[in-house]
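Asks: A predicted structure for the sequence below; I have some questions about it.
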Amino acid sequence: MNSEVEHKRLLIMKTLRESEFPLSSGKIHEQLLSKGIEISERTVRFHLQVLDSHGLTEYKEKKGRFLTTRGREELTKAHVYHQVGYLSAKIDEMTCKMNFDPSSAQGTVLINFSTIDKHYRDVISDSVSPVFSSGLAHGTLMCLFDEGERIGDCFVTQGKIGIGTVCAITLNGALIKAGIPIRSIFGGLLEIINGAPSRFTAIIHYDGTSLDPLEIYISSGMTSILSACINGEGQIGASFREIPIAAREKTIEIDSLLKSRGLGGFLKLGYPSQSLLGIPVGDKRVGLVIAGGLNATAPLGEKGIPIESSALSGLIDYSKLFHYEELTKRLSQLKK
């Protein structure tokens, strides 16, 4: 089955599993749309008919569809199958699709995507800007999306604002295009003490999860990024990479160029075959610690403001990004 088609059917099945009552195709369409997943009601109906024919869903007259026992079992199996190595594969795929050239400052970069209700517009800048200014976001650039706009599979519904932040995988793309192989090892919670990275307090390996680790930590309320920015003490999202020893100096050059373009770089760079922040690295390799792109919007959630975020959301042209100091002005230009 086409992976995109399978993904849509799994989303429909998951929506039915999460509901206490049978749902119509219209209700399923509404719930998916509210999560930023753009899919037409007609497409939902088509997939439901296929799922019915396979005994995975069943129609109750005048009530709607519900997930059958077989459907629940199939959804569990699919989750396990997609879980192993899924995120690593997605990182590799999006890295290859990115075509940003640091030398010319042209091309596409990968962004994360968050949505927030418009009536919180006035608190966005004060929550987000400190993360950028303290160097705990990935770079200094971002973008905004108004209602009706989309990036990848993410859609900004009515009454919402979409916030795009540069994804740390952008560094992977720049290094690979320079001929430097890079391994994405894990994402985790990085403890900041006296304003400096100290140690990882929790990690999730990319090859064993279908969800971005930073999404998990942030949505679970495990970060304290605003405190790290203001007081120099806290837990932020970060990731760990490895590069070959021979590429260390070239990586420093590319990192410097990316920072000059506002696209960030690493928080810490290790030395050949030496552990970094207590994390051992492979033989003839060097460790890198990179701040998570989702750190920028995490303080909104830390303040109790409802926000939905997803990593690796899509590609955007570099020219559409702006410096975070323009955020207040850009927010004022969105629809009321």
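Replies: Arrived safely, thanks for sending.
Asks: give me the low-pLDDT residue ranges for the protein?
Replies: Counting by pLDDT under 70, the chain shows low-confidence ranges at 1-4, 77-86, 208, 210.
Asks: Now do the domain split for it, please.
Replies: With domains defined by automatic domain parsing, the chain comprises 3-83, 92-329.
Asks: Return the most buried member of those domains.
Replies: Among those, the stretch with the highest mean neighbour count (mean count of other CB atoms under 10 Å) is domain 92-329, at a mean of 19. Using the backbone N, CA and C atoms, a C-beta is placed for each residue, glycine as well.
Asks: From one end of it to the other, what's the distance?
Replies: 35 Å (CA to CA, to the nearest Å).
Asks: how about the strands in the stretch 151-300 of the chain?
Replies: Secondary structure of the stretch 151-300 of the chain, counting by DSSP state E, counting those that start in this stretch: strands at 154-155, 160-166, 183-193, 196-205, 234-244, 268-269, 285-291.
Asks: could these go into a markdown table alongside distance to residue 117?
Replies: Supplementary listing: the strands of the stretch 151-300 of the chain in a markdown table, determined by distance: least, CB to CB, whole Å:
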| stretch | distance to residue 117 |
| --- | --- |
| strand 154-155 | 15 |
| strand 160-166 | 6 |
| strand 183-193 | 27 |
| strand 196-205 | 29 |
| strand 234-244 | 23 |
| strand 268-269 | 36 |
| strand 285-291 | 26 |
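Asks: Out of these, flag the one nearest residue 275.
Replies: Closest approach to residue 275 among the strands of the stretch 151-300 of the chain (CB to CB): strand 285-291, 7.3 Å.
Asks: Residue 133 versus residue 222, what's the distance?
Replies: From residue 222 across to residue 133, the span is 23 Å (CB to CB, to the nearest Å).
Asks: ok, now how distant is the residue most central in space within the chain from residue 15?
Replies: Against the mean C-alpha coordinate of the chain, by CA atoms, centre = their mean, the closest residue is residue 311 at 0.7 Å. Noted for residue 311: a distance of 21 Å to residue 15, by CB to CB.
Asks: tell me how far stretch 274-290 is from the chain's mean position?
Replies: The offset between the C-alpha centroid of stretch 274-290 and the centroid of the whole chain comes to 24 Å, using CA atoms, centre = their mean, to the nearest Å.
Asks: Extract the CA atoms of that stretch and return them as CSV.
Replies: The C-alpha coordinates for stretch 274-290 follow below in CSV (Å, rounded to 0.1, in the frame of the first residue of the first chain):
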residue,chain,number,x,y,z
GLN,A,274,36.0,11.5,23.6
SER,A,275,32.7,11.5,25.4
LEU,A,276,30.7,14.7,25.4
LEU,A,277,28.5,15.7,28.4
GLY,A,278,28.9,12.2,29.7
ILE,A,279,27.8,10.6,26.4
PRO,A,280,30.3,8.2,24.8
VAL,A,281,30.9,8.5,21.1
GLY,A,282,32.0,5.9,18.5
ASP,A,283,35.6,5.2,17.6
LYS,A,284,37.1,7.8,15.2
ARG,A,285,34.0,10.0,15.7
VAL,A,286,33.2,13.4,17.3
GLY,A,287,30.0,14.2,19.2
LEU,A,288,27.8,17.3,18.6
VAL,A,289,25.0,18.7,20.9
ILE,A,290,22.4,20.8,19.2
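Asks: contacting residues around that stretch?
Replies: With CB atoms under 8 Å, 6 or more residues apart in numbering as the test, stretch 274-290 has contacts from 138, 168, 171, 182-183, 190, 197-200, 238-245, 247-248, 251, 264-273.
Asks: now do stretch 249-260
Replies: Contact with stretch 249-260 is made by 102-103, 139, 170-171, 174-175, 178, 180, 243, 264-266, 269, 286, 288, as judged by CB under 8 Å, 6+ apart.
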